[in-house]
Structures are given as structure tokens and as C-alpha cells.
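1. pasting a predicted model and its sequence here:
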Amino acid sequence: MLLDIIIKDTLNVADSAKAALISLKEQLAEDPSGVLADLGRQAISFGIKVVIAILIYLVGAWIIRRIKKLMNKLFEKKNTDKTIASFVSSFVSITLTILLIIITISQLGVNTTSLAALLAAGGMAIGMAMSGTVQNFAGGIMILVFKPFKAGDYIKALGYEGTVTDVNIVSTKIRTFDNSTIILPNGALSGGNIDNFSQKPVHRCSWTVNVAYGNDPQKVRTLLLGMIKDDDRILDSSTEGAADPSVVLKSLNDSTISFALWAWVKTENFWPVTFKYNEEIYKLLPENGISFAFPQMDVHIKNQ
């Protein structure tokens, strides 16, 4: 539909130009001096329009540069992320420049209706073709504005976990334990669940210990608490956001008794402490007569 309108406008312009040339030829034959004088006046009028259009463009370009400088100063004052500041500044500058060009062309007497419609249709087509990229742009802006994480944080999102190495306008890079680099699209990332381990200075370690029925619960509790009491990395309630270590009987299952050991540590000590006491629990309990549970079934056979 739009293409038909543009073709129709082009044909109309061509027909008007042809009619004007024929009329000029006839006028030259009838009154050459009058036609030349009229052409001179039109040339002067068009020259004035050109000068005004150039002035409009120069003044507009100066205003756009001033707006861009003011925006950059505002971003620096507000400590806005450099990536989002650059993106917003460039977007505003390009948009204003396009409007300035349209205004300048219209000053010359050119009909800009078709041009504006063509730009709008082109923008719509590009937007539809790049819908995924636009979604990632929007997600990147949300992440950079609200900052659910930053470079250096350890996060778990979209089925991956690792340390954030880079956050840009369309994607986020994380480095996993095995030193792989995973690139996550910001569109999906901003709309999903994000577990940020680094957002708080302390974190709770949790161990679930399954022992067999018949073991003394108090003995299990004493052994587990005694195991961690001399570790300087274990925090207590005197640290803000932490609590004293504790052991609770978590559940009574079909074949096991489940105990939970909870201890608070600084975030950077979370994994070293977790892995250390995984091994300590495995050695400590059997050495002290506490047997681990395993799935079992009792079968009773009766003779009729």
C-alpha cells in the first residue's frame, strides 16, 4: 500500500515537471524577456530558501551537540552506567538528526510526507525483523538501570551459574567453574529468576545428613556442632545478618532420619566451607558409631 502511494506521488511529480516544461517552452516563444525575468525572481527566491535551510541545519546541529553534551554531564553527575549512557545519548542524537534533516528538506519546498511515511514503514519493518534484538536491548536497559547484578558477582540464572565477567546492552557473560564462558541474552535474563550469591556479605551453608533409625539424635547433634565450633570462618549472631550454627531434626522418612546442619559464613567462604564439611561429615559420623542410612525394605513371609 505504501509502495503504491510512493509510486503514485513520483508519477505525479514527473507529470507536473513535464507540464511545467511544456508551459515554459510556450511562454518563451511568446514573451522571452518576461520569462527570463520571472526565472530570475524564482532563482533568487530559491536561493534564499537554500540559505535559510542551511542556517536551519547549522543551528539545529549546534543545538543537538549541546543537548548531547548536557546529557553526558547529567549521566556523569548521576553516575549512570557508561553502556546505557552511550546508548541513550546515541539514540537521542540520531533521532534528532533525522528530524532536523526532514525539517531542512521541507524548507526547500519538498513534500516530506512520503519520506516520513517511508521512514516509519522502514522502522517498523526493521523492528519486526529485529524483535529478538530489541527485546535484548530492553532487557539490557532494565539490567543496567536496576542492577540485579554487576561484574564480579556470582549468579545462578537460566540454568547456568558462574561469575559475571561482562554486562553489555544485549547480553551478559558469565564464567563457570570449569572456566567456560556462557553468553546469556538480556531479554530472557531480565524476565527470569536470578539468584545472586554475591549481593549479601554473608551466606548460609546447609548440609542434609541422613542417618539410620536407631541412632541417638542428641549424639548426632553434638558431633555436628562440635565439628565446626573451632572454624574461624563460621560466624555467629554477633555478625550482622548471621545466626548461630544449629542442627535440627528435619524429617522422619521411610528409611532415614534427616538432620540439617546450618552455619553462616562470609560469601567468599561459602564453597570452601561447604566442600570441606561434606568430607568431614562422611568421615566423622561412622568413626563415632553413627551409621548412614540407605533405602531398605523389610519383607515378612508367613506360612499359611
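-> Structure received. Computed from a predicted structure; not experimentally measured.

2. tell me where the stretch 151-300 of the chain is predicted with low confidence.
-> Residue ranges of the stretch 151-300 of the chain with pLDDT under 70: 296.

3. what segments of it are strands?
-> For the stretch 151-300 of the chain, strands defined by DSSP state E, counting those that start in this stretch occupy the ranges 154-157, 160-167, 171-175, 181-185, 194-196, 202-211, 246-252, 257-266.

4. would you list these in TSV and tack on distance to F146 and mean neighbour count?
-> Any C-beta I mention is one placed from the backbone N, CA and C, and that applies to glycine too. Below are those laid out as TSV (distance: least, C-beta to C-beta, whole Å; neighbours: other C-beta atoms under 10 Å):
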stretch	distance to F146	mean neighbour count
strand 154-157	14	20
strand 160-167	12	17
strand 171-175	14	19
strand 181-185	16	16
strand 194-196	11	14
strand 202-211	22	17
strand 246-252	34	13
strand 257-266	26	19
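
5. closest to R233 out of those strands?
-> For the strands of the stretch 151-300 of the chain, proximity to R233 was assessed by C-beta to C-beta; strand 257-266 is nearest, at 5.3 Å.

6. hang on, the earlier thing: tabulate the strands of the stretch 151-300 of the chain in a markdown table, adding columns for distance to I102.
-> Below are those laid out as a markdown table (distance: least, C-beta to C-beta, whole Å):
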| stretch | distance to I102 |
| --- | --- |
| strand 154-157 | 43 |
| strand 160-167 | 36 |
| strand 171-175 | 34 |
| strand 181-185 | 34 |
| strand 194-196 | 42 |
| strand 202-211 | 56 |
| strand 246-252 | 69 |
| strand 257-266 | 59 |
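
7. closest to S86 out of these?
-> Across the strands of the stretch 151-300 of the chain, the minimum distance to S86, taken as C-beta to C-beta, is reached by strand 160-167, at 13.5 Å.

8. sorry, back to before: Q135: which of the strands of the stretch 151-300 of the chain is closest?
-> strand 181-185 (8.1 Å).

9. output the closest one as PDB, nothing but the C-alphas.
-> What follows is strand 181-185 as a C-alpha-only set of coordinates in PDB (Å, rounded to 0.1, in the frame of the first residue of the first chain):
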ATOM      1  CA  THR A 181      32.200 -18.600  29.000                       C
ATOM      2  CA  ILE A 182      28.400 -18.600  28.800                       C
ATOM      3  CA  ILE A 183      26.600 -15.700  27.000                       C
ATOM      4  CA  LEU A 184      23.100 -15.100  28.200                       C
ATOM      5  CA  PRO A 185      20.600 -12.900  26.300                       C
END
